[in-house]
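Enquirer: Mind folding the following:
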Amino acid sequence: MCPACRMPVAQCACKQARLAGTADGIVRVSRETKGRAGKGVTLISGLALEPVALTALARRLKTACGAGGTVKGSVIELQGDHREAVVDLLRKQGWNSKRSGG
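Expert: Sure thing, here's the model as predicted:
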């Protein structure tokens, strides 16, 4: 819940909760294989959400992509390369998101 407007963070009218923890307010979606035996994962970072809201967003993204994943710190990890789908889903929910990396 957004503390200012008392709406769910995904539907926040004031966007205060989205910009609170990020320097520029952009959600970055990247792909990484380091330390995973060549298996790629999609990383979503820059989300200024509380752990409960972050876990709920991760669950929605995992369901939409049909993949497994987890939340580590403030980063969501999805198994496989789902960058385009994740960027589209986040933009539909009102997040300012972009692909980062290669």
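Enquirer: Ramachandran coordinates for the residue nearest in space to the middle of the chain?
Expert: The residue lying closest to the centre of the chain (Cα atoms, centre = their mean) is I44, at 4.3 Å. Phi and psi for I44, reported as degrees, to the nearest 10, are phi -120, psi 110.
Enquirer: residues of stretch 48-62 that come out buried?
Expert: 48-49, 53-54, 56-58, 61-62 (16 or more other Cβ atoms under 10 Å). The C-beta positions use only the backbone N, C-alpha and C, and glycine is treated the same way.
Enquirer: Go through those residues and name the one nearest G25.
Expert: A48 (8.4 Å; Cβ to Cβ).
Enquirer: any idea how far R6 is from S45?
Expert: Distance of S45 to R6, computed by Cβ to Cβ, to the nearest Å: 27 Å.
Enquirer: Counting neighbours, go ahead and name the busier of these two.
Expert: The neighbour comparison of S45 against R6 (other Cβ atoms under 10 Å) goes to S45, with 16 against 10.
Enquirer: so the more buried one touches L54, yeah?
Expert: No: between S45 and L54 there is no contact under Cβ atoms under 8 Å: 10.9 Å.
Enquirer: For burial, what's the neighbour tally of the residue nearest to P51 when sequence neighbours are not counted?
Expert: Leaving aside its sequence neighbours, P51 sits nearest to V71 (Cβ to Cβ, 6 or more residues apart in numbering; 7.5 Å). Other residues lying near V71 total 18 when counted by other Cβ under 10 Å.
Enquirer: Quick check: closest non-adjacent residue to the residue nearest to the centre of the chain.
Expert: I76 (4.2 Å).
Enquirer: ok, now V41?
Expert: Using Cβ to Cβ, 6+ apart, the closest residue to V41 is E77 (5.0 Å).
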